Every structure is written in C-alpha cells, then in structure tokens.
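Asks: mind folding the following:
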Amino acid sequence: MTIKDFIIKVFTNKWKYKLVAIAAALILWFYVAKDQSYNIIIDAPLKYENLSADMTMLNSVDQSVKLTLTGRRDIITRLNKRDIKVFIDMKASKPGENIYKINAEDIKAIPRGVDITNMMPSQIEVILKQEVTNKEIKNGKALR
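Replies: Numbers count the residues shown, from 1 in each chain. Next up is the predicted model:
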C-alpha cells in the first residue's frame, strides 16, 4: 500500500463518524468561546453637568475615570468605548470643597451584560468659587 492509498483510506473510511466528531468539536468550541468572561480597562471621559453659571472650578480635576469592565467576550469586543462617559451632576454644588462619589448610575452607555468591577478614582473633589456678576453689584459693592 502506498502513502497515497493510505491517506485516501484514512479520509474515506468511516467518514460519517469523522464528520460528526468534527462538527461536535466545532459546536463545543463555539459554546466555550462565547461564554468566556473578559475584562478590559478603559479611560472614560468625565463630564460635569448642571454647574451653575456663576460657579468656577478652582482646582484641576481629573478629566477621566479608569473603568474595569467585565462581561462576555462577544459583548466586550463589540463595545464602543468612545460612547462610555461618566457624568457628575453638580446641581447641588456650593462654594468651597465638594466631594462627588462616582456611582454606576453616573456611567452612561454600559450595555446589558457588562459589569463595572472597578473605577479609579471612585470620588472627585472639586473646589468651587462663586463669581460676582454685574447684577449683584450695586454702588460698587457686592450684595452678599
């Protein structure tokens, strides 16, 4: 028997069983690859909302938050990282030192099936100063 005859016999002998085994291996591989947990670390930009027009930030604050996201590999790989932003609502801010704790609710565009496992920093310190506007000045003195 030649090598050519041997190779033909290997592939043609009981070919149905071999085809079923290859199909089962592929299905099992897709199943395992789909359910793998996957982690990524991204820098999400920090956006400040509802800051009163007469307030000014005195300190330089972080411009991004480092997020660790965990989820299925197929969801994480399709994730558009540019859409993820962290919003800080400054509606209740007052002059002086303000500390804002970052919660999962502050992070937008996280799809279902993705968990936030870590965020750094977890809080932001902002020092605000209230500016005197022209309306508040009467006879050269502030009305405070």
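
Asks: which residues of the protein fall in helices?
Replies: For the chain, helices defined by DSSP state H occupy the ranges 3-12, 15-34, 73-77.

Asks: mind checking which of these is nearest residue 123?
Replies: Evaluated over those, closeness to residue 123 peaks at helix 73-77, with 26.0 Å, by Cβ to Cβ. All C-beta atoms are positioned from the backbone trio N, CA, C, and that covers glycine.

Asks: just checking, what packs against the closest one?
Replies: Contacts defined by 3 or more Cβ pairs under 8 Å, 6 or more residues apart in numbering; DSSP states H and E place helix 73-77 against helix 15-34, strand 37-49.

Asks: parallel or antiparallel, list what pairs with the last one.
Replies: Pointing back at strand 37-49 there. strand 64-72 (antiparallel), strand 85-89 (parallel) (DSSP bridges).

Asks: and it, what's buried?
Replies: 44, 46, 48 (16 or more other Cβ atoms under 10 Å).

Asks: what's in contact with it?
Replies: Outside strand 37-49, the residues within contact range by Cβ atoms under 8 Å, 6 or more residues apart in numbering are 61-73, 76-77, 79, 81, 84-91, 107, 117, 124, 126.

Asks: and it, how far from the chain's centre?
Replies: Relative to its chain's centre, strand 37-49 lies at 4 Å (Cα atoms, centre = their mean, to the nearest Å).

Asks: do the longest one as well
Replies: Remark: helix 15-34 is offset 34 Å from the chain centroid, using Cα atoms, centre = their mean.

Asks: quick one: that helix to strand 64-72, angle?
Replies: 150 degrees (axes from the mean of the first three to the mean of the last three Cα atoms, to 10 degrees).

Asks: contacts for helix 15-34?
Replies: Contacts of helix 15-34 (Cβ under 8 Å, 6+ apart): 11, 72-74.

Asks: most neighbours among those, which one is it?
Replies: Counting neighbours by other Cβ atoms under 10 Å, residue 72 leads the contacts of helix 15-34 with 15 neighbours.
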